[in-house]
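Engineer: Predicted model and sequence follow; I will ask about them next.
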Number of protein chains: 2
Amino acid sequence: MIRIKDIAKLCGVSVGTVDRVIHKRGKVSDEALKKVEKVLQEIDYTPNLLAKTLGSNKIFNVAVLVPHPNQDPYWNLCIAGLEASIEEWKPYNMELKSHFFELHNSNSFKEVAQKLLESEPDAVLSAPIFYNEALEVFRKLEELNIPYIHFNTQIPSVHPLAFIGQDLYQSGRLGASLLDLATKGQKGTLSIFHVSENIKHSTHFKEKERGFREYFEAKNDADRNISSIIIEENDMGSLEKNLAGALASEGTIGLFIPTSSGAKITAEIIRKNGINSICIVGYDLLEENVKLLKTGEIDFLINQNPDRQIFRGVHHLANHLIFNKQIPDQELFPLEVITRDNVDSYIKFSIQ
Amino acid sequence: MIRIKDIAKLCGVSVGTVDRVIHKRGKVSDEALKKVEKVLQEIDYTPNLLAKTLGSNKIFNVAVLVPHPNQDPYWNLCIAGLEASIEEWKPYNMELKSHFFELHNSNSFKEVAQKLLESEPDAVLSAPIFYNEALEVFRKLEELNIPYIHFNTQIPSVHPLAFIGQDLYQSGRLGASLLDLATKGQKGTLSIFHVSENIKHSTHFKEKERGFREYFEAKNDADRNISSIIIEENDMGSLEKNLAGALASEGTIGLFIPTSSGAKITAEIIRKNGINSICIVGYDLLEENVKLLKTGEIDFLINQNPDRQIFRGVHHLANHLIFNKQIPDQELFPLEVITRDNVDSYIKFSIQ
DNA sequence: TTGAAAGCGCTAACAG
DNA sequence: CTGTTAGCGCTTTCAA
């Protein structure tokens, strides 16, 4: 292993000078610069990362900007990833500070983001679920030269270091294929079900729907009718009435539900209204979803791994900040198919 | 962050003494020992791992004992995990040395294991696929106080630090459930198919078969007949003839094939003999399997993640050797269901 | 612009 | 048995 000291000796300069060249801190004569650069090109120097972080006593502050975990079970799953990350990077003098905003409140997002900016973090990890408000924030970060990574939701016109998440289009296709399989031989309607509150935000659900529809368009199956059920109401009472009505009138045999918390609501309505045998493909290992998967009320879940999305996001930021490593501009997670027969193996398996 | 120096000051002793207590190196008076232990209990000291590895210039040698990757595509997949591990731990002065034995040759295993012992490694990661020969080797390691971790195959009567792999029984159940789903509405025989060469070794296949059978026993489905097809021949010609015969005579509609390379062989025989529509559930993301999954000749694969098994094994050994961390005594991987619609998301996804 | 030197927290050798 | 000290490789400060 070659050290800075060795390079210095080779060049006939001091370690200080070599360090200045390596980190482009300037204050080096042309002559010295050339000598050092030449040697650096010839040899294969990899700095000792342990010594590097030990030597520079800098503490890195990473801010995490996500919806409040107490308001939604999906975002609650993230917390495990956050905690694992905190442990993981403590030894490297990297500290994580959470900034939680209210899921359905864009003002809260703006306020919390403002606080985040004031804390002057070295990097940011965020799920940018409000498009317009997010634009401002991330443009500001770009101005300030603060690197950031997005996860869960991808938005255009900004330039995160990386995006972490699923290929949503393909996720929709997968959902379609599972529903197709689970309802094989049956005739009727397969629907994608949105609660309107959800669609208003996001490409998230649109992409999944596109995948879902294209899967069946390519199949061109005479027995299957594909539709969307969009229910606008917000109160549970009318939602129940409308959904039950829609399911009955359409002759629904299968539902694809892109929101993680939607499957549970739907399964309950189906049960309460005595509607029989509708296959459900839902999302994510929420406690309630797992229960319903085991009782057979949900047939499949697609796991988006929210905890690991955070974990990997922090991982990449650390590689960037601490180790100056090149990081990929996106990491698309595997599309995990969860059934009652493999769900336990996923739950037992803690984050890496 | 509290340092050894701080503890020393609190106790009125030197850092040397504290270090001796922490590492139980002895040569400490009862009095000093008590003082230090008391303080250690009261405060929450976590050593700085960077300083620790930097300070102790020790190089850890980890030996990896696995089948030769060139002889089998499954074991070839492991290599990616090995290489990722080498990179991962280089900065921590941990070096990996591979010891490859021939997959079907227990003498080779013994010879290579002997070489491994002579290299006096600090720890060993191994897939103990020959039971009797393995016993000797790992007992020897225990005598020498060299820690080891097993992956892929679990064997009794030895005491590895940990086992990494799948819950094979549950894996078999999952395979059964997928076959059940894919052949829904059809009448006929569902079989588990072994090439005899495989069963002779291992609990591996027996456990999967047990899971497979118990799934259907619980279901008690009049339309489905469950059987095992075991073919003894080793040459491809007779294997083909016998398998084609068995499939025809049994009225087979689905096959569960626990060996990763078995699915390809079977799919080819089915294609060449013009046998129609048999569902296949196979194992692992071998290149050939992925191709057949995409053409629809294989319906499902269960991914055992051989690369990640190695990666995690090394990870745990590092935690043990370098960081003195407590490691779990087993890590059972998620049972990943792969279809043509999510296979790409798994392939693109490189090891963590 | 440069080199020397003092840390970072821990280990391990050495002298007492 | 104990304390002191010289590293590990890098960063950063300070004087020259």
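Structural biologist: Now that the structure is in, tell me what you want to look at.
Engineer: And the closest residue to residue A:70 other than its chain neighbours, its phi and psi?
Structural biologist: If the residues on either side of it in the chain are set aside, residue A:70 comes closest to residue A:76, at 7.0 Å by CB to CB, 6 or more residues apart in numbering or on different chains. C-beta coordinates here come from the backbone N, C-alpha and C atoms, glycine included. Dihedral pair for residue A:76: phi -70, psi -30, per degrees, to the nearest 10.
Engineer: Report how many residues lie close to residue A:76.
Structural biologist: Neighbours of residue A:76 under the rule other CB atoms under 10 Å in any protein chain shown: 17.
Engineer: ditto for residue A:171
Structural biologist: With other CB under 10 Å as criterion, residue A:171 counts 26.
Engineer: Also the one 5 residues further on?
Structural biologist: Here the count is done by other CB under 10 Å, and residue A:176 has 28 residues near it.
Engineer: One more: residue A:258?
Structural biologist: So residue A:258, with other CB under 10 Å, has 28 neighbours.
Engineer: ok, and the nearest residue to it once chain neighbours are set aside, which helix or strand is that part of?
Structural biologist: Leaving aside its sequence neighbours, residue A:258 sits nearest to residue A:208 (CB to CB, 6+ apart; 4.5 Å). Following DSSP states H and E, one finds residue A:208 within helix A:203-219.
Engineer: so who does the residue nearest to residue A:258 touch?
Structural biologist: Residues near residue A:208 by CB atoms under 8 Å, 6 or more residues apart in numbering or on different chains: A:168-169, A:171-172, A:175, A:192, A:256, A:258.
Engineer: if we go to 6 Å?
Structural biologist: Applying CB atoms under 6 Å, 6 or more residues apart in numbering or on different chains to residue A:208 gives the contacts A:168, A:171-172, A:258.
Engineer: Same question for residue A:242.
Structural biologist: residue A:231.
Engineer: cool, and residue A:35?
Structural biologist: So residue A:35 contacts residue A:11 (CB under 6 Å, 6+ apart).
Engineer: hang on, the earlier thing: so which bits of the helix holding residue A:208 are buried?
Structural biologist: Residues A:204-209, A:211-213, A:215-216 are the ones in helix A:203-219 that count as buried (16 or more other CB atoms under 10 Å in any protein chain shown).
Engineer: Nearest to residue B:31 among those residues?
Structural biologist: Among the buried residues of helix A:203-219, residue A:204 lies closest to residue B:31 (CB to CB), at 65.0 Å.
Engineer: And the residue nearest to that closest one when sequence neighbours are not counted, its phi and psi?
Structural biologist: Nearest non-adjacent residue to residue A:204, counting by CB to CB, 6+ apart: residue A:153, 5.6 Å away. When read as degrees, to the nearest 10, the backbone of residue A:153 gives phi -120, psi 130.
Engineer: Contact partners for residue A:153?
Structural biologist: A:127-129, A:204.
Engineer: Enumerate the residues of the stretch 201-350 of chain A near chain B.
Structural biologist: Contact residues (CB under 6 Å from any CB of the partner chain) of the stretch 201-350 of chain A with chain B: A:334-335, A:337, A:341-342, A:345-346, A:349.
Engineer: Quick check on those: which are buried?
Structural biologist: Among these, those that count as buried by neighbour count (16+ other CB under 10 Å) are A:334-335, A:337, A:341-342, A:345-346.
Engineer: Distance check, the residue of the stretch 101-250 of chain A found nearest DNA strand C against chain B.
Structural biologist: In the stretch 101-250 of chain A, the residue that lies nearest DNA strand C is residue A:122 (19.0 Å; CB to the nearest atom of the strand). Using CB to the nearest CB, to the nearest Å, one gets 18 Å for the distance from residue A:122 to chain B.
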